[in-house]
Structures are given as C-alpha cells and as structure tokens.
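1. show me the folded form of this:
(one chain, ligands or ions: 2)
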Amino acid sequence: MNVSDLLVQCLEREGVEHVFGLPGEEMEDLLFSLRDSEITFVPVRHEQGAAFMADVHGRLTGDAGVCLATLGPGATNLLTGVADAQLDKSPLVAITAQGGLERLHQESHQAIDILRMFGPVTKWNTQLDSPDIVHESVRKAFKMAEYEKPGATHLELPEDVAAEEVDTHPLQNRGRIPAPAPNPDSLERLKTALRDAQQPIILAGNGAVRTHAVTQLREFVDVTDIPVVSTYMGKGAISDADERSLMTLDSGIREKPKSVIADSELILAIGYDIAEHDPGEWETEDAQFVHIDSEPAEVYEAYDPDIEVIADVGRTLQSLVDWCREERLSFDATWYADARRRILADVATEPADAPPFTVRSVLPVLREILAPEDLLVSDVGSHKLAIAQNYRTYEPNTCLISNGLASMGIAVPGGLAADLAVDANVVAATGDGGFMMNAAEIETATRMDCEFTILLFNDNDYGLISDKQKTHTGESFGTELSNPDFVRFAESFGIKGYRPDSADQLRTQLRSAIEGGMSLVEVPVE
Ligand SMILES: Cc1ncc(C[n+]2csc(CCOP(=O)(O)OP(=O)(O)O)c2C)c(N)n1
Ligand SMILES: [Mg+2]
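-> Ligands and ions are numbered 1, 2, ... in the order given. Predicted coordinates for the structure are as follows:
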C-alpha cells in the first residue's frame, strides 16, 4: 500500500462519499487510489467550484466536505472557497498536491508556498512530509474541521511522499465531541436578566442552526413568546410562519429603516458571530446583550455582552426552557406585532404583469412552489439581500446564504453539492455577475445527473455595487455588463432554459423548471 491508498482509506473511514476536485499530474497516485475506492471523485471545471461544493456539503451535513486541487495554480484557485468555508464556519478539508520534497527548497516549476498561503484561511494545516504521519494528520484534519466552531483545514501531499510505501492504518472517527453544559453562575445571571426584562428579543445566528439547537430554541419561544430575529445565516432557526418570527435583521427596513432589535432592551444572541452582521449598525444603544454560544464573543465595542454563556447551545436553551416553565415566565407578545405586520406586508410584494420584475416580487411565487423542506442556495449581490430579507423560511438549512466571506460564485456549485446531499428540490438563486463566475459547473452538474434549478436574476449589472454607489453619490461606474443569451447558453449545456415574459409565465415556467430536470430560469429584473 502506498501513501495515496492510505489517505483514501482514511477518507473512507471518515465516511466521505464525494471528493470534488480538478486533477494535476502531481496527484496521479491519489487519483488512481480514488478510482479504486468507494468514493466518487467529481471532476470540476474550476477549483473554486470544488471548494464551494465542499463548503456547502459541510454546511448542510456537518460532515467535512472534501476538495482536491493540484499544486500552484490549482491551489490558488481553490483558496476562495476554502476561505468561504472558514468564515461561514462550515467544515471542509482541502487537499492539495505539491512537488516532491527534493525540490521544495528551490525555485521550481509551479511550486509556491501553499502551506503558508492556506494558513490564514484555515483552522489548521500541515504538509504530509512522511508516510508515518498520514493517518494521524487526516484524522486531525477532520476532527478540527468538524468540531465547534467548524471551519476549513488543509493537507498538502508532496508527489514523492504519495508514492511511498506505508503500513499504518486509518484512525477511527469517534463521533462528535459533545460541548460542555452551561456554567451555573452564568446561567443564574442570565435568569436574573430575563426576570427583569420587559421586551427581550432573540437573535438567532448561524450557530443556532449549525449546532442543532433549533428544537430547544423553538420550545423556548413557545414557552416565553419572546420574538426571534435571525441573521442571514440563521434563517429557518424558527419558522417564518410562526407569529413570533420577525424574519431577519434587515427585514421590513424599507419602510422603517431601524431593525426591530433596536426596540428591545435585552438581546439574547444565540449562536451569533459578528462576521455575519455588523452590530455597529443596530442602533441598540442601551440594550443589554447576552451571548449564548459555544465560544466567547469577539471583542467589539458595539457588541460587548454583559453575560456570556459558553456551552452547548441546545443544552443552555433546554435549561432555560425548564426554568421558564417552572417560573411560568413569559413575555408580552404585543410590542412586536406591528413589526411582524410590516414585515409580512413587504414580503407579499406581487410581480408586475411583465418584465422587468423585481427580485422581491419573484420570491412569493418561488415560495408557493417550493415545499417547506426544499432548499434555496443564494449567491451574493442585491438579490441576496432581497432573499435574506423577504424569503420566508420554515426549516433550518433550507435557505443557504454565505454571509461570512460573502463570496460571489457560490450558487451554482453550491446548488450542485446541495442536490447531491439532500433529498429535496434545490434552487440556486444568483445574479448575472456571480452566475458567470462559475457557470461552467453546469457541465459538472449534468455529468453528475443533478437536477436543480438555476434562478438567474439578470439586471446586466453588478447590481449591489451600483445600488450602493448610487445611494452614496447618485451615479454609478464600473458595474455595467453585457451578457450572453442565457436561454441559449443553458440549452448549449443540454439543460432546459426559460425566460418568462409575463407574471403568468413566471409562475408556470418556474414550476415546470423546478418539477423537471436540470434547468435555468432567467428572470429579467430592474
Ligand atoms: C468574489 C467577489 N467579488 C466581488 C465581490 C463584491 N460584490 C458584492 S455583490 C457584487 C455584485 C454582484 O452582481 P450580480 O451577481 O449580478 O448580483 P446583483 O447584485 O446584480 O443581484 C460584487 C461585485 C464579492 N462579494 N465577491
Ligand atoms: Mg446583476
């Protein structure tokens, strides 16, 4: 057995089903080891696509997604998706090839310091410079990627080491390590704060969904009537059909530009990271923050929690549920009723009779077609803001938004990975800009027999950037685009292409697209 065989055996032992990657000659041994394994190797069209696929797989399943690239340009192309996983707290293991150890001290073909380059965008990385460390290093890469808070790790495999003989065996994945129970003193302080509160509010972040605390969160809300506002990445923590849901931090702000969070004096931030949404924008002034999470809060003047309960989020919430039941503690549900009405009115925007439509007006149509457990993956741009604010989400992990690194280009590869991971309809919503970055992965999707729908909001513009420029200066520059005929572009990949000409067609074509196979719906937007 050589090192490549062992590495692949280690991946099998971790339960890996897909490796997303793009080959290079320095990883020949590894490719043949993959060929002879239970794992499906998914060749992609750009390494960034592979990393986004692994990123979305990790976010949806909690099991690290694996992506593979060659040395030099392969590794540099992979970097953005790896950084995305790291800032979105999504477990991912990146593997890159490297030239043989005998030439790494020199300037040599395609050799760059990949280890150093990946260092700042991973929790941990190492070079597999000896056959004897491979089994431990792979186990460590998965263990570190998957435990709270999850993120990216990276292994570099030099070509000569890959071919060496080895006789160690994969180490066993012993399962998730439970986080500790909440500290009684912190919990007491939190109870006191709750007892004194008039209008508490819950801010549900990425970690509320990621740590599977949703059941306890919903029970806590049922018992107390405390309203929930989520971050973009916390969408679905509570169902938006629930009267206590105030959707996301920016929902309804078009009518009343201050978030509802500003009306509360006690903000219970659950699984929230400041990378998701800047507390500096909240105008919360004298409000008291409680940070309920698996790690202490980042230090930031605008987010300086009085109380931090650092423990398993679900267990903390369960303790609160039990205590609130005993105490019969519940809160006034009238103070946020207006905000909920305002948000729902905004969400109900109807599409115009003919294009151009607006993203917001398409979302209720989409919501009608998709079942609660169906999945929407958003790209990054002005369409993302509309989706974050106005797309009603009923279940966790059914509206995936990247809001840590917030990189354009995630939707098509993300849609592919989601389609492989879940048994539900998948829609990848994207702008024309982000779509063209990784549109080539449509070919990967058809080759993998995927069946998802690309919902392309076309404004022939880097819309979010021109919107912001216009808000600041009244004009825009450097954002206008021209595009291919997207319907014919889709058809050239052998998938169905649609471009609705009326509100009726928007409904019927979107339904046909979602119910049919792989498809693209271009929606002209303002
Ligand atoms: C990789 C990357 N490059 C640049 C940006 C900055 N950026 C954010 S949104 C945006 C425009 C997105 O345009 P498009 O995909 O057409 O979506 P729209 O805003 O028009 O809905 C840009 C350039 C980014 N977030 N990611
Ligand atoms: Mg655009």
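2. please count neighbours and contacts with C-alpha atoms only from this point.
-> Noted.
3. please enumerate residues in contact with the helix or strand of the chain with the lowest mean pLDDT?
-> Between all helices and strands in the chain, the lowest mean by mean pLDDT, DSSP states H and E belongs to helix 337-347, at a mean of 94. Residues from elsewhere that reach helix 337-347 (C-alpha atoms under 8 Å, 6 or more residues apart in numbering): 243, 245-247, 251-252, 255, 260, 360, 364, 390-392.
4. now do stretch 323-333
-> 195, 198-200, 223-227, 244.
5. contacting residues around the helix or strand that comes right after the least confident helix or strand of the chain?
-> Of the helices and strands lying after helix 337-347 in sequence (DSSP states H and E), the nearest is helix 359-369. With C-alpha under 8 Å, 6+ apart as the test, helix 359-369 has contacts from 347-352, 383, 386-387, 390-392, 457, 507, 510-511, 525.
6. got the angle between helix 359-369 and helix 337-347?
-> 90 degrees (axes from the mean of the first three to the mean of the last three C-alpha atoms, to 10 degrees).
7. one step back: for the least confident helix or strand of the chain, buried residues please.
-> For helix 337-347, burial by neighbour count (16 or more other C-alpha atoms under 10 Å) applies to 339-340, 342-344, 346-347.
8. check stretch 448-467 too.
-> For stretch 448-467, by 16+ other C-alpha under 10 Å, it's 450-467.
9. go on, stretch 268-282?
-> So stretch 268-282, judged by 16+ other C-alpha under 10 Å, has buried residues 268-274, 276-277, 279, 282.
10. and what of stretch 255-269?
-> 258-269.
11. mind checking the pLDDT average for it?
-> Averaging pLDDT along stretch 255-269 gives 89.
12. now do stretch 176-191
-> pLDDT averaged over stretch 176-191 gives 94.
13. what of stretch 425-433?
-> Mean per-residue pLDDT for stretch 425-433: 98.
14. and it, does that touch ligand 1?
-> Yes. Counting by C-alpha under 6 Å from any ligand atom, ligand 1 is contacted by stretch 425-433 at 431-433.
15. let's see the PyMOL selection covering just the buried ones among those.
-> Per 16+ other C-alpha under 10 Å, the buried members of the residues of stretch 425-433 next to ligand 1 correspond to this PyMOL selection:
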select buried, resi 431+432+433
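16. narrow the residues of stretch 425-433 next to ligand 1 to those in helices?
-> Among these, the members falling in helices (DSSP state H) are 432-433.
17. closest one to Ser319 out of the residues of stretch 425-433 next to ligand 1, please.
-> Gly431 (43.3 Å; C-alpha to C-alpha).
18. so which bits of the protein are right by ligand 2?
-> 431-432, 459, 461-463 (C-alpha under 5 Å from the ion).
19. just put those in a markdown table and tack on distance to Glu107.
-> Output for the residues of the chain next to ligand 2, formatted as a markdown table (distance: C-alpha to C-alpha, whole Å):
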| residue | distance to Glu107 |
| --- | --- |
| Gly431 | 41 |
| Asp432 | 40 |
| Asp459 | 46 |
| Asp461 | 42 |
| Tyr462 | 39 |
| Gly463 | 43 |
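20. hmm, back to that, which pair of the buried residues of stretch 268-282 spans the longest distance?
-> Using C-alpha to C-alpha, the buried residues of stretch 268-282 span at most 17.5 Å, a distance reached by Gly271 and Trp282.
21. show me what the helix or strand hosting His472 is packed up against.
-> Assessed by DSSP H and E, His472 sits inside helix 463-473. The criterion is 3 or more C-alpha pairs under 8 Å, 6 or more residues apart in numbering; DSSP states H and E, and there are no helices or strands that helix 463-473 contacts.
22. please identify the buried residues of the next helix or strand after it?
-> Note on helix 463-473: by DSSP H and E, the next helix or strand toward the C-terminus is helix 486-492. Buried residues in helix 486-492, counting neighbours by 16+ other C-alpha under 10 Å, are found at 486-487, 490.
23. could I have helix 486-492 exported to CSV, CA atoms only?
-> Listed next in CSV are the C-alpha coordinates belonging to helix 486-492 (Å, rounded to 0.1, in the frame of the first residue of the first chain):
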residue,chain,number,x,y,z
PHE,A,486,-28.9,32.9,-21.1
VAL,A,487,-31.6,30.6,-22.5
ARG,A,488,-29.4,29.5,-25.4
PHE,A,489,-26.5,29.3,-23.1
ALA,A,490,-28.4,26.9,-20.9
GLU,A,491,-29.5,24.9,-23.9
SER,A,492,-26.0,24.6,-25.1
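24. show me what it is packed against.
-> Checked by 3+ C-alpha pairs under 8 Å, 6+ apart, helix 486-492 has strand 496-498, strand 519-524 packed alongside it.
25. switch to 6 Å and redo it
-> Applying 3 or more C-alpha pairs under 6 Å, 6 or more residues apart in numbering; DSSP states H and E, we find helix 486-492 packed against strand 496-498.
26. sheet partners, orientation included, of the strand it packs on?
-> Taking DSSP bridges as the criterion, strand 496-498 sits next to strand 519-524 (parallel) in its sheet.
27. CA atoms of the partner strand as PDB?
-> Taking Å, rounded to 0.1, in the frame of the first residue of the first chain, the C-alpha atoms of strand 519-524 are listed here in PDB:
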ATOM      1  CA  SER A 519     -32.800  23.900 -15.700                       C
ATOM      2  CA  LEU A 520     -32.100  27.600 -15.800                       C
ATOM      3  CA  VAL A 521     -34.700  30.300 -15.500                       C
ATOM      4  CA  GLU A 522     -33.600  33.800 -16.400                       C
ATOM      5  CA  VAL A 523     -35.700  36.500 -14.800                       C
ATOM      6  CA  PRO A 524     -35.100  39.900 -16.200                       C
END
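28. leaving out chain neighbours, which residue sits closest to Gln86?
-> Spatial nearest neighbour of Gln86, chain neighbours left out: Gly151 (4.4 Å); criterion: C-alpha to C-alpha, 6 or more residues apart in numbering.
29. so who does that neighbour touch?
-> By C-alpha atoms under 6 Å, 6 or more residues apart in numbering, Gly151 lies in contact with 85-86, 89-91, 145.
30. what's the closest of the residues you listed to ligand 2?
-> Ranked by distance to ligand 2 (C-alpha to the ion), the contacts of Gly151 are led by Ala85 at 23.7 Å.
31. the closest one and Ile114: what is the separation?
-> 18 Å (C-alpha to C-alpha, to the nearest Å).
32. can you tell me how far Pro158 is from Gln110?
-> 13 Å.
33. so for the two, which sits in the more crowded spot?
-> Neighbours were counted for Pro158 and for Gln110 using other C-alpha atoms under 10 Å; Pro158 has more, 23 against 13.
34. which stretches of the stretch 1-150 of the chain form helices?
-> All helices of the stretch 1-150 of the chain, identified by DSSP state H, counting those that start in this stretch, fall at 3-13, 28-35, 47-61, 73-88, 114-118, 134-146.
35. also the stretch 301-450 of the chain?
-> Per DSSP H, counting those that start in this stretch, the stretch 301-450 of the chain carries helices over the ranges 313-327, 337-347, 359-369, 382-390, 411-421, 432-438, 441-447.
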